[in-house]
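Asker: With the input below, show me the fold.
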Amino acid sequence: MAEQIPFSIIENVLSRLGSSVVQKLGSMYGVQKELKKLEKTLGTLKAILLDAEEQLEKSYAVKDWVKRMKEVVYDVDDLLDDFATYRLRRGGPTRKVSHFFSSSNQVAFRFQISGRVDDIKEALDDIKKDIFLLNAVPRSTIHSRGKILERETHSSPSASTSNLVGQRNVRKEEIIDYVVSPNNENVFIVAIVGIGGLGKTTLAQLVYNDDRVKKHFEPKMWVCVSDESGEGFGENMLLKMITKSKNDERNRSQSLDDLKTELRKEISQKKYLIVLDDVWNNQSENWEKVRTLLEVGAGGSKILVTTRNTEVSFMGKNVVPVKLEGLDEQESWRLFSRITFEGHENTVNPEIIRVGREIVNMCNGVPLIINTLGRTLMQFQSDLSKWLSIRKNENLLSLPYGNDNVLRVLKLSYDNLPIYLKQCFTYCALLPKDYEIEKKSLVQLWIAQGYIQSRNGNELLEDIGDRYFKELLSSSLLEEVKKDNFNNVLSCKMHDLIHDLAQSIVGSEVLVLRSEVSNISREVRHVSLFEKVNPVVNAITGKPIRTFLNFFGYPYEARTIVNSFLPSFMCLRVLSLNSLDIVKVPKCIGKLNHLRYLDLSKNIFKTLPNYITRLKNLQTLKLRHCRSLKIFPKNMRDLINLRHLENDGCCNLTHLPRGIGKVTLLQSLPLFVIGEDIGWLRNHRVGSLSELKSLNQLRGELHIKNLQNVRDVELVSRGKILEEKEYLQSLRLKWDWWSEKFEWEEWSQGDEQIESHKLVMEGLQPHPHLKDFFIQGYGAMEFPSWMMNDGLHSLLPNLINIQISACWRCKFVPPFSQLPSLKSLRFEDMREVVELKEGE
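Answerer: Below you'll find the predicted structure:
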């Protein structure tokens, strides 16, 4: 198993060591010279790391050297983090250094830092002495950037038949014939069999989504088995996987007997189709229990299985195997050429074409390898030496001998990735197989780990992360799953073999903690929990864990997680405790100084405590669907590094705190609630609508709720609150009058406060880049002047969707027909509209 070199973190550490802030801190603590020496030593070691990476698989001595190097790099990263955190807590970035160093505990902190610097320097000196083991050649840079690839197509459950090559379409029709054929059996199995990478799952998806199949079966279920569990595939595992595939939180804590009863009720006397993707288990007794469980369905029900196991008799009677072979030579070249040359084969060097055909013939017809190598080589269409080196690769030469060699060939794509993408890719091994993750969350995780840095300081880390994500898609190392209405990729996942590749590269540093795990390596840094808490989890207590993710919440496990080992995770950058029914946010979280990413979504606490604001490095705070949450901390403004405050679905939130407008790095704030600022809320420093004006980095969606509570109406009307928010795509404005039990008669009398709605709307003109606009509960008779203007087409040229509802007193509607990009216009519950204004 390999050791991965943390190139991105090394770059980050060197950048910080060379900064003026760290040098000033070093001077104040008397360690400036030592920090300079650390920077010089790390710089020397960095220069030979590329050469060391190429020797990792061939030398145990090099592996051990890299392992020692990695531990020291992480220690330096933690040290610099402690520097920065102490500085922020003692006075923040705006105070003079000399002022905050006058604290009484300066001596103690100085002594601690000095000792840690000495220990790190000693360890680095030892590592430097052993450089001779590598026989390495120093290189000038580890940050060269490759060409960014724009991908033409991506694998997804909705892939069209046009992406099938030759015989694959024939096999699809063959499988559909088997699946929809009439028979009287309650359980009839069709098994797609073949080695990894042949496209079994893609073929099953195309069958599953075919209109003929959709009409023939009800219900249909897709279950990704990927049997990595020591429990083995069987009745119990099937029930758990079906529950997971439905994403139904209510069923997570149900007993297996309850789940069994529920499944039987759902399929009883119905003609169902269940797809079991990536089955490994071949124990006949387990399959017999599965068949017994599913026999309550109507005759003609089918199970479609994908498996690498060529012997299918263990599944019992009535099993039809469909063996998937590799593509033939002509089909293989057609696929490779389309991906690599994009229809311009006639302009390519004939020698590269000749070598390319030899490479394709060596791929043994495996589409995943052809696709992945094609996307790798499309970067080097004029570099014959690169093509020749891949043709001579010993793993490609030995491909016909089985699945292990498939994995080794796929590693060629990893080896040719730009340095800055390698840790981003292998971090995905932390996700369970077939797990769908939001692109936005994945980029946030990369940023939290320090894998993304801005070279010039002018580009947003999220924009760089978005480019990295596209490059991994283009390399076929990630697969897109969902897109939004604007064609932006929302989520992705990994092919099982690509996941195996990532895990084989990163080794024991990443651990998906499943029930079969019996021991935990001392090198582990990133942990994800996907099943019921394993007793061995206590072995991670006190380890320098940087990531702890909970992917499948079991509420009754929350106390175990929080009390047993969370307080010892002092190096955490990422913590997810979502869906654990947490009633009170654990106080120990406020002591996790290094934390950048905190996910407390789908919990039931009512108050977010003030000690959260001690997390000075926090970048992402997820509170999605915390439906009981009412109050944020008063000192939210202290979270000066916060970039994402995801509070959508917090339906009982009373207000946002005063000072939220000072958190100017915020890019995500999907819900802005305007409090009443009366009664008990007066003591909670309610933030006003004007706070939004300074948050010009906001992007995505913004929902402004309770606009009836705006008090500074005149100020807002002149405030141009939203005009500079060029990254917003969707805006939702909502007045909640019906929550105040107003009757229609009261609306029709022209209340002065209702007329203030128009003044508020005057100050809410959005930026021209806006695409979605929703207005609900607006109470004035007509819309503000900027909406009624004949120049509306120039104010909102990119607007695609408009929805206006419950504007009961509105009589005149803006000239929306002017809008050049408008595709959807919807009115609901508009009781007095008499005129749709037309522009000239």
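
Asker: those strands in the stretch 251-400 of the chain, which residues are they?
Answerer: 273-279, 302-307, 319-323 (DSSP state E, counting those that start in this stretch).

Asker: Out of the ones you listed, the one nearest His793 is which?
Answerer: Each of the strands of the stretch 251-400 of the chain has some distance to His793 by Cβ to Cβ; the shortest is strand 273-279, at 48.7 Å. From N, CA and C alone the C-beta is placed, and that goes for glycine too.

Asker: Outside of the closest one itself, list whatever touches it.
Answerer: Defining contact as Cβ atoms under 8 Å, 6 or more residues apart in numbering, one finds that strand 273-279 is touched by 179, 201, 204, 208, 213, 216-217, 219-227, 233, 238, 294, 301-307, 309, 433-434, 496.

Asker: Low-confidence bits of the stretch 451-600 of the chain, can you list those?
Answerer: 515-516, 531-537, 552-561, 563 (pLDDT under 70).

Asker: And the strands in it, which stretches?
Answerer: Secondary structure of the stretch 451-600 of the chain (DSSP E, counting those that start in this stretch): strands located at 479-483, 489-493, 510-513, 526-529, 547-550, 574-576, 597-599.

Asker: how about the residue nearest to Lys622 when sequence neighbours are not counted, what does it touch?
Answerer: Among residues not flanking Lys622 along the chain, Asp599 sits closest, at 4.1 Å (Cβ to Cβ, 6 or more residues apart in numbering). Applying Cβ under 8 Å, 6+ apart, we find Asp599 in contact with Leu549, Leu575, Ser576, Leu577, Asn578, Thr620, Lys622.

Asker: ok, and the most crowded of these?
Answerer: Most neighbours among the contacts of Asp599, by other Cβ atoms under 10 Å: Thr620, with 25 neighbours.

Asker: Can you get me a residue count around the closest residue to Tyr435 other than its chain neighbours?
Answerer: Closest residue in space to Tyr435, ignoring its immediate chain neighbours: Lys493 at 6.1 Å, by Cβ to Cβ, 6+ apart. Lys493: 22 surrounding residues under other Cβ under 10 Å.

Asker: separation between Lys493 and Cys807?
Answerer: 42 Å (Cβ to Cβ, to the nearest Å).

Asker: Over to Tyr435?
Answerer: Tyr435 is 42 Å from Cys807, where distance means Cβ to Cβ.

Asker: So for these two, which sits in the more crowded spot?
Answerer: Per other Cβ under 10 Å, whichever of Tyr435 and Cys807 has more neighbours is Cys807, with 26 against 21.

Asker: quick one on the thing from earlier: could I get the strands of the stretch 451-600 of the chain as CSV with distance to Asp258?
Answerer: Below are the strands of the stretch 451-600 of the chain laid out as CSV (distance: least, Cβ to Cβ, whole Å):
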stretch, distance to Asp258
strand 479-483, 30
strand 489-493, 29
strand 510-513, 26
strand 526-529, 23
strand 547-550, 23
strand 574-576, 27
strand 597-599, 28
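
Asker: Any idea which of the ones you listed gets closest to Leu461?
Answerer: strand 597-599 (12.7 Å).

Asker: nearest residue to Pro544 other than its sequence neighbours?
Answerer: Once chain neighbours are set aside, the closest to Pro544 by Cβ to Cβ, 6+ apart is Cys571, at 4.4 Å.

Asker: In contact with that neighbour: list those residues for me.
Answerer: Contacts for Cys571 were tallied using Cβ under 8 Å, 6+ apart; they are Tyr74, Asp78, Pro544, Ile545, Arg546, His594.

Asker: Asn487: neighbouring residues, count only.
Answerer: Neighbours of Asn487 (other Cβ under 10 Å): 6.

Asker: Leu460: which of the strands of the stretch 451-600 of the chain is closest?
Answerer: The closest of the strands of the stretch 451-600 of the chain to Leu460 is strand 597-599. By Cβ to Cβ, the value is 16.6 Å.

Asker: Let me know the next secondary structure element after the closest one.
Answerer: On the C-terminal side of strand 597-599, the nearest following helix or strand under DSSP states H and E is strand 620-622.

Asker: Can you name the next helix or strand after that next one?
Answerer: By DSSP H and E, the next helix or strand past strand 620-622 is strand 644-646.

Asker: mind checking how far Asn487 is from Arg826?
Answerer: Distance of Asn487 to Arg826, given as Cβ to Cβ: 21 Å.

Asker: which helix in the protein runs the most residues?
Answerer: helix 60-90 (DSSP state H).

Asker: For it, which helices and strands make contact with it?
Answerer: Counting contacts by 3 or more Cβ pairs under 8 Å, 6 or more residues apart in numbering; DSSP states H and E, helix 60-90 is packed against helix 7-17, helix 20-29, helix 32-55, helix 97-100, helix 106-129.

Asker: what about 6 Å?
Answerer: helix 7-17, helix 106-129 (3 or more Cβ pairs under 6 Å, 6 or more residues apart in numbering; DSSP states H and E).

Asker: If I average pLDDT within each of those, which one is lowest?
Answerer: Among the helices and strands packed on helix 60-90, helix 106-129 has the lowest mean pLDDT, at a mean of 81.

Asker: So which elements touch whichever helix or strand comes after it?
Answerer: As assigned by DSSP H and E, the chain's next helix or strand after helix 106-129 is helix 167-180. Using 3+ Cβ pairs under 6 Å, 6+ apart, the elements in contact with helix 167-180 are helix 200-208.

Asker: quick one: average confidence on the helix it packs on?
Answerer: Helix 200-208 comes out with an average pLDDT of 91.

Asker: just how off-centre is it within its chain?
Answerer: Centroid separation between helix 200-208 and its chain, computed with Cα atoms, centre = their mean, to the nearest Å, is 25 Å.

Asker: Just the C-alpha atoms of that helix, please, in CSV.
Answerer: The C-alpha coordinates for helix 200-208 follow below in CSV (Å, rounded to 0.1, in the frame of the first residue of the first chain):
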residue,chain,number,x,y,z
LYS,A,200,-22.2,-3.4,-15.9
THR,A,201,-23.7,-0.6,-13.7
THR,A,202,-24.1,1.7,-16.7
LEU,A,203,-25.9,-1.0,-18.6
ALA,A,204,-28.2,-1.8,-15.6
GLN,A,205,-29.0,1.9,-15.3
LEU,A,206,-30.0,2.1,-18.9
VAL,A,207,-32.3,-0.9,-18.5
TYR,A,208,-33.7,0.5,-15.2
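
Asker: returning to that earlier point: can you say which of the contacts of strand 273-279 are buried?
Answerer: By neighbour count, with 16 or more other Cβ atoms under 10 Å, the contacts of strand 273-279 hold 179, 201, 204, 208, 213, 216-217, 221-227, 233, 238, 294, 301-307, 433-434, 496 as buried.

Asker: worst-scoring helix or strand of the protein, pLDDT-wise?
Answerer: helix 97-100 (a mean of 40; mean pLDDT, DSSP states H and E).

Asker: low-confidence ranges in the stretch 701-840 of the chain?
Answerer: 737-753, 834-840.

Asker: what ranges do the helices span in it?
Answerer: 713-717, 744-747, 752-762, 785-788, 792-795 (DSSP state H, counting those that start in this stretch).

Asker: How far off centre is the third one?
Answerer: I take that to be helix 752-762. Using Cα atoms, centre = their mean, the mean C-alpha position of helix 752-762 is found 40 Å from that of the whole chain.

Asker: what packs against that helix?
Answerer: For helix 752-762, the packing partners by 3+ Cβ pairs under 6 Å, 6+ apart come out as helix 713-717.

Asker: What residues sit buried inside the helix it packs on?
Answerer: By neighbour count on 16+ other Cβ under 10 Å, the buried set for helix 713-717 is Val713, Val716, Ser717.

Asker: isn't the first one right up against His757?
Answerer: Just to be clear, that refers to Val713. No. Using Cβ atoms under 6 Å, Val713 is not in contact with His757, being 9.2 Å away.

Asker: Give me the common contacts of these two.
Answerer: Here Val713 and His757 have no joint contacts, going by Cβ atoms under 6 Å, 6 or more residues apart in numbering.

Asker: Verify the stated contact: Arg643 with Asn617.
Answerer: No. Look at Arg643 against Asn617 with Cβ under 6 Å: they stay out of range, at 11.2 Å.

Asker: Sounds good, over and out.
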